[in-house]
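> just need the structure, nothing else, for what follows:
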Amino acid sequence: MDNKTRLKPELLGGFRDYLPVAMIARQEMVLKIRETCESFGFLPLETPGLERSSVLGTDKDEFKMQVYRFRAGDQDVTLRFDLTVPLSRVVSANPELIKPFKRYQFGSVWRKESPQAGRYREFAQFDADIVGSDSIIADTEIIVLMFKTLKNLGIDNFVIRFNDRKILNGLPAYASFDQGKTDQVLRTLDKLDKIGQDGVVNELKSKSHNELGEDGLALTERSISKIVDFLNLKGSTQELIGELKKLFCGVSVSEEGIGECEKIIENLEYLSIPRENWRLDLSIARGLGYYTGPVFETTLTDCPEIGSVFSGGRFDDLITRFTGEKIPSVGASVGVDRLLAALEKMGTIEKKVSTAKVLITVIDQSLSPKIMRLAQNFRAAGINTEIYLGKEKGLKGQIIYAAKREIPFVVIIGEEEDRVGKLKLKSMVERKEDLLLEKDAAKIILNS
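The predicted structure follows:
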């Protein structure tokens with residue numbers, strides 16, 4: 001084939017391949033997250049990657065998402081942009097589900113956004129949600145789950161920041177702007193970490209159309225000044241609560257949100273969740289319009305530039321779109337790819353280039369049946385075992401292969417070993433060989 005007819009093996013922008021080293025780390029991360037969720041009693045769920053556009057609200061652009069929407073035959077469909085809206089469809093379609101329904105789900109989602117460090121157009125999320133509970137205990141459980149998950153991943157330096165959309169929903173009354181602009185104002189506040197306070201102020205005062213084609217907010221200087229005063233509230237948690245009560249005195253929706261934050265704080269303190277790992281942060285708004293109560297975001301202290309890695313909140317009205325019935329729900333989502341990118345950047349991931357714990361060499365083809373049976377026995381004992389299948393005929397080349405793959409043990413069976421009914425076990429770490437019975441070799445490998 002000449003150069004003109006060869007295809008260029010080129011990825012689409014905003015997408016990535018996961019080669020084995022990264023994929024092994026990713027799978028281990030997902031396993032630990034799953035085990036943590038199951039320790040809280042969450043159940044697994046899977047949904048399709050493709051949904052009707054009407055289900056995801058992308059036919060009317062309900063959630064202001066840049067998505068992959070197209071026609072499949074006579075159907076208007078969209079690749080899911082999160083796992084929460086499909087969950088709402090599942091709950092609505094299966095009323096027999098026992099509630100509260102605690103579910104976890106791992107899967108890819110797609111958003112047609114500008115790629116950034118740690119952010120791709122296809123990325124994996126791991127969600128955990130509690131459907132059918134309006135108890136503030138449920139909100140606290142999600143925060144505790146976030147804390148335990150990150151700790152189980154070996155991460156110590158992180159902050160779970162939380163706020164309440166009910167507090168933010170009182171901003172129109174407090175700052176004297178049109179109630180109809182609330183969602184757009186909150187989406188702007190949600191950009192504070194990315195564009196800074198000056199950028200937020202510029203968007204609040206702008207009269208130009210934004211990237212979503214909406215009219216500029218064009219808030220008055222007085223309204224903007226009051227919003228900035230709100231964002232700049234400082235002090236301890238109790239001092240912040242006190243200032244909020246003064247600021248929103250008589251604004252009932254905000255007073256309700258302040259009360260919810262007080263209960264969460266009380267619960268976290270009683271549970272001895274370290275204060276360095278959480279705080280009330282009035283800048284947390286969460287861009288999606290379906291949040292109705294407490295909202296959460298988690299950043300890594302050692303890698304803040306990567307952004308939020310674990311976020312979510314309460315969405316009591318989302319399922320109403322399907323049922324007409326209010327079903328209170330709360331949850332959070334791990335940005336698996338973003339978190340993995342952060343851990344790679346911080347150098348905290350143990351990179352593995354193999355899943356095998358032992359390589360069985362093949363230096364005498366006549367012994368192939370016995371080699372395959374030995375591999376079968378090792379695997380039955382719980383030992384990940386690889387048989388060498390390459391072109392190298394000599395022992396040295398096969399041992400070099402094991403070294404490159406960082407496989408800790410090599411088994412050697414030749415004519416002499418077969419004659420005495422034993423095998424040679426070579427430790428690649430200790431650089432020593434022992435002539436052993438199969439059962440003794442298995443014990444050493446399992447106990448290493």
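> in the stretch 201-350 of the chain, which spans are helices?
For the stretch 201-350 of the chain, applying DSSP state H, counting those that start in this stretch gives helices covering 221-231, 237-247, 252-270, 320-323, 336-346.
> tell me how far K226 lies from N232.
11 Å (Cβ to Cβ, to the nearest Å). C-beta coordinates here come from the backbone N, C-alpha and C atoms, glycine included.
> who has more neighbours, the two?
K226 (18 against 10; other Cβ atoms under 10 Å).
> surely the more buried one touches F177?
No - the criterion here is Cβ atoms under 8 Å, and K226 misses it with F177 at 9.1 Å.
> adding mean pLDDT and distance to T385, write the helices of the stretch 201-350 of the chain out as a markdown table.
Shown next, in a markdown table, are the helices of the stretch 201-350 of the chain (pLDDT from 0 to 100; distance: least, Cβ to Cβ, whole Å):
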| stretch | mean pLDDT | distance to T385 |
| --- | --- | --- |
| helix 221-231 | 92 | 58 |
| helix 237-247 | 94 | 54 |
| helix 252-270 | 97 | 46 |
| helix 320-323 | 92 | 49 |
| helix 336-346 | 90 | 28 |
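> domain boundaries for this protein, per the record?
20-154+296-346, 358-447 (automatic domain parsing).
> let me know which of those is tucked in deepest.
Greatest average neighbour count among those goes to domain 20-154+296-346 (a mean of 18), per mean count of other Cβ atoms under 10 Å.
> measure how far that one is from the centre of its chain, please.
Its chain's C-alpha centre and that of domain 20-154+296-346 lie 7 Å apart, by Cα atoms, centre = their mean, to the nearest Å.
> check stretch 170-186 too.
Remark: stretch 170-186 is offset 31 Å from the chain centroid, using Cα atoms, centre = their mean.
> ok, now stretch 346-354?
How far stretch 346-354 lies from its chain's middle: 18 Å, per Cα atoms, centre = their mean.
> same check on stretch 405-417?
40 Å.
> contact partners of it?
Residues outside stretch 405-417 that contact it (Cβ atoms under 8 Å, 6 or more residues apart in numbering): 352-354, 356-361, 363-364, 367, 370-371, 374, 386, 395, 398-399, 402, 423-429, 433, 435, 441, 444-445, 448.
> wasn't A375 part of a helix?
Yes - according to DSSP: H, G, I helix; E, B strand; the rest coil, A375 belongs to a helix.
> tell me the contacts of it?
I360, T385, E386, I387.
> for the third one, which non-adjacent residue is spatially closest?
On the basis of Cβ to Cβ, 6 or more residues apart in numbering, the spatially nearest residue to E386 that is not a chain neighbour turns out to be A356, at 3.9 Å.
> surely the one you found meets N384?
Yes - using Cβ under 8 Å, A356 makes contact with N384 at a distance of 4.9 Å.
> contacting residues for I360?
Neighbours of I360 in contact, by Cβ under 8 Å, 6+ apart: I371, L374, A375, F378, T385, E386, I387, Y388, V410, V411, I413.
> skipping its backbone neighbours, what lies nearest it in space?
V411 (4.5 Å).
> so which of the domains of the chain comes closest to D183?
Nearest to D183 among the domains of the chain is domain 20-154+296-346; the distance by Cβ to Cβ comes to 8.3 Å.
> got the end-to-end distance for that closest one?
Terminal residues of domain 20-154+296-346 lie 19 Å apart, using Cα to Cα, to the nearest Å.
> model confidence for the residue nearest to Y18 when sequence neighbours are not counted, exactly?
The shortest distance from Y18 to any non-neighbouring residue, by Cβ to Cβ, 6+ apart, is to R26 (6.1 Å). Looking at R26, its pLDDT reads 94.
> okay, now the unreliable bits of the stretch 51-200 of the chain?
The model of the stretch 51-200 of the chain has pLDDT under 70 over residues 117-118.
> next secondary structure after the helix or strand harbouring D76?
Using DSSP states H and E, D76 maps to strand 75-79. Remark: after strand 75-79, the chain's next helix or strand is helix 84-93, criterion DSSP H and E.
> just the helices in the stretch 1-150 of the chain please.
Going by DSSP H, counting those that start in this stretch, the stretch 1-150 of the chain shows helices at 20-39, 53-56, 84-93, 136-152.
> which other helices and strands contact the third one?
In terms of contact count using 3 or more Cβ pairs under 8 Å, 6 or more residues apart in numbering; DSSP states H and E, helix 84-93 is assigned the packing partners strand 50-52, helix 53-56, strand 101-110, strand 122-131, helix 320-323, strand 329-335.
> check the second one too.
Of the remaining helices and strands, those touching helix 53-56 by 3+ Cβ pairs under 8 Å, 6+ apart are strand 75-79, helix 84-93.
> would you list the ones you listed in CSV and tack on distance to L340?
Below are those laid out as CSV (distance: least, Cβ to Cβ, whole Å):
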stretch, distance to L340
strand 75-79, 21
helix 84-93, 21
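> of the ones you listed, which is nearest P274?
Shortest separation from P274 across the helices and strands packed on helix 53-56 is recorded for helix 84-93, at 28.4 Å, computed as Cβ to Cβ.
> run through who's touching that closest one.
Helix 84-93 has contacts (Cβ under 8 Å, 6+ apart) with 45, 47-48, 51, 55-57, 63, 80, 97, 101, 103, 105, 127, 129, 131, 290, 315, 318-319, 321-323, 327, 329, 331, 333.
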